[in-house]
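[1] Fold the following and give me the result.
(one chain, ligands or ions: 1)
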Amino acid sequence: GAAELGPYRHYMQKEIFEQPVAIANTLEGVVGITPELFGDGAYRIFKEVDSVLILACGTSYYSGSTAKYWLESIAKIPTSVEIASEYRYRDSVPNPRTLVVTISQSGETADTLAALKHARSLGMKHTLTVCNVATSAMVRECELAYITRAGAEIGVASTKAFTTQLVGLFMLTLALAQTRGQLSEAQEAEHLKALRHLPVAVQAVLALEPQVIAWSEEFARKENALFLGRGLHYPIALEGALKLKEISYIHAEAYPAGELKHGPLALVTAEMPVVTVAPNDTLLEKLKSNMQEVRARGGQLYVFADGDTQIESEPGLHVIRMPEHYGSLSPILHTIPLQLLAYHTACARGTDVDKPRNLAKSVTVE
Ligand code: G6P
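    Prediction:
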């Protein structure tokens with residue numbers, strides 16, 4: 001009810017602002033990286049596996065897609081990510097030494113549960129879930145689990161569940177890296193420091209809300225939007241586009257920025273806002289030239305840039321500067337303004353933000 005909402009207009013907004021606490025709770029009790037964070041016997045299982053197969057739906061699929069970048073670059077473990085409803089019905093080549101990782105806020109999504117059972121029926125016995133509900137079917141079915149402590153999520157569009165999944169998946173990456181001899185003590189200490197500082201860093205990003213509201217007024221008048229990201233931030237662009245379409249009903253698509261010239265550039269006109277997730281990483285120079293391609297066609301660019309990038313606002317180029325550059329965990333910070341953009345655009349269009357048409361919080365039937 002209204003009392004529970006406090007100063008917020010919707011559960012979604014409340015849940016966006018709960019993220020610093022949700023992340024802090026998810027990290028509570030973590031003193032160091034150890035496989036046992038995922039359950040008894042995790043060390044033996046992590047030693048045995050030679051690859052990871054992530055299965056999930058919706059927003060959880062995008063946290064899994066982000067984790068693939070971490071798992072391959074930090075833990076050096078081959079990783080594939082599949083949409084549960086696809087995997088369960090296709091012929092695939094099973095590897096019994098794969099760690100099957102399901103990701104689910106509810107732990108009750110029918111397709112993800114069925115995909116897990118399918119993997120097991122193919123001989124993959126090592127299973128782990130990153131899940132927000134400790135009593136769920138998913139947690140019961142899996143050998144190992146990392147419970148995110150996002151708390152109850154009521155808004156149909158997932159927010160705090162997503163960022164806490166990313167935290168859990170980053171911990172999984174570090175634990176696998178450690179088991180595989182890919183993590184020095186100095187690196188572990190550095191990653192832990194960055195994780196512990198996350199709630200404060202997220203709080204600073206939430207303070208960008210007024211700037212995002214100004215953009216959302218422009219977005220509310222559009223019928224299409226394009227989201228671009230590269231590398232680790234490509235799945236974040238996908239999640240940003242999903243949030244916008246789910247609650248504002250604006251058609252939104254995400255592309256890895258390098259693919260722009262292979263199709264979506266044909267759609268760019270002055271009517272097409274192009275949102276760019278632009279952390280200051282090694283791909284920044286390439287991203288800048290992708291942005292030039294958009295501007296040359298009259299497109300309006302909306303860039304979330306890191307503090308130390310040289311991109312400045314000018315006609316056709318709108319920039320919101322993120323408070324700090326955050327290395328491997330940057331996807332978590334870049335998610336926040338995209339959630340706020342979707343939320344405020346939906347509010348400006350007057351949609352039923354917490355209960356968007358045709359969608360359900362948890363899809364327990366096929
Ligand atoms: C539904 C929800 C999404 C969610 C997806 C997967 O479509 O509306 O927000 O991402 O299910 O749910 P899960 O509980 O498995 O993460």
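[2] these two touch, right, residue 351 and residue 246?
    No: using Cβ atoms under 8 Å, residue 351 is not in contact with residue 246, being 9.7 Å away. For the C-beta atoms, the positions are set from N, CA and C on the backbone; glycine is no exception.
[3] So for the two, which sits in the more crowded spot?
    residue 246 (24 against 17; other Cβ atoms under 10 Å).
[4] Could I get the contacting residues of the residue of the stretch 51-200 of the chain found nearest the ligand?
    Residue nearest to the ligand within the stretch 51-200 of the chain: residue 58 (2.8 Å; Cβ to the nearest ligand atom). By Cβ atoms under 8 Å, 6 or more residues apart in numbering, the contact set of residue 58 is 109, 158, 242.
[5] which SS state does the residue nearest to the second one when sequence neighbours are not counted fall under?
    For residue 158, the nearest residue in space outside its immediate sequence neighbours is residue 59; the separation is 4.1 Å by Cβ to Cβ, 6 or more residues apart in numbering. In the three-state summary, residue 59 is assigned as helix, counting by DSSP: H, G, I helix; E, B strand; the rest coil.
[6] Wait, residue 59 touches residue 242, no?
    Yes: contact criterion Cβ under 8 Å: residue 59 and residue 242 qualify, at 6.5 Å.
[7] can you give me phi and psi for the spatially most central residue of the chain?
    Central residue of the chain (Cα atoms, centre = their mean): residue 63, 3.9 Å from the mean position. Here the main-chain torsion angles of residue 63 (degrees, to the nearest 10) amount to phi -70, psi -40.
[8] With residue 225 instead?
    phi -150, psi 150.
[9] same question, residue 167
    Dihedral angles for residue 167 - degrees, to the nearest 10 - are phi -60, psi -50.
[10] Over to residue 133?
    Dihedral angles (degrees, to the nearest 10) for residue 133: phi -120, psi 110.
[11] give me every residue that touches it.
    Per Cβ under 8 Å, 6+ apart, neighbours of residue 133: 105, 106, 107, 108, 139.
[12] what about 10 Å?
    Residues in contact with residue 133 (Cβ atoms under 10 Å, 6 or more residues apart in numbering) are 104-108, 139, 147-148, 150, 152-153, 161, 362.
[13] Buried among these? Make that a ChimeraX selection.
    Those of the contacts of residue 133 that count as buried under 16 or more other Cβ atoms under 10 Å are selected in ChimeraX with:
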select :104,105,106,107,108,139,147,148,150,153,161
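[14] Among the contacts of residue 133, which ones are in strands?
    104, 147 (DSSP state E).
[15] With distance to residue 220 and pLDDT added, can I get the contacts of residue 133 in a markdown table?
    Listed next are the contacts of residue 133 as a markdown table, based on distance: Cβ to Cβ, whole Å; pLDDT from 0 to 100:
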| residue | distance to residue 220 | pLDDT |
| --- | --- | --- |
| 104 | 32 | 98 |
| 105 | 27 | 98 |
| 106 | 30 | 97 |
| 107 | 35 | 98 |
| 108 | 34 | 98 |
| 139 | 40 | 98 |
| 147 | 37 | 98 |
| 148 | 32 | 98 |
| 150 | 28 | 98 |
| 152 | 29 | 95 |
| 153 | 25 | 96 |
| 161 | 26 | 98 |
| 362 | 29 | 91 |
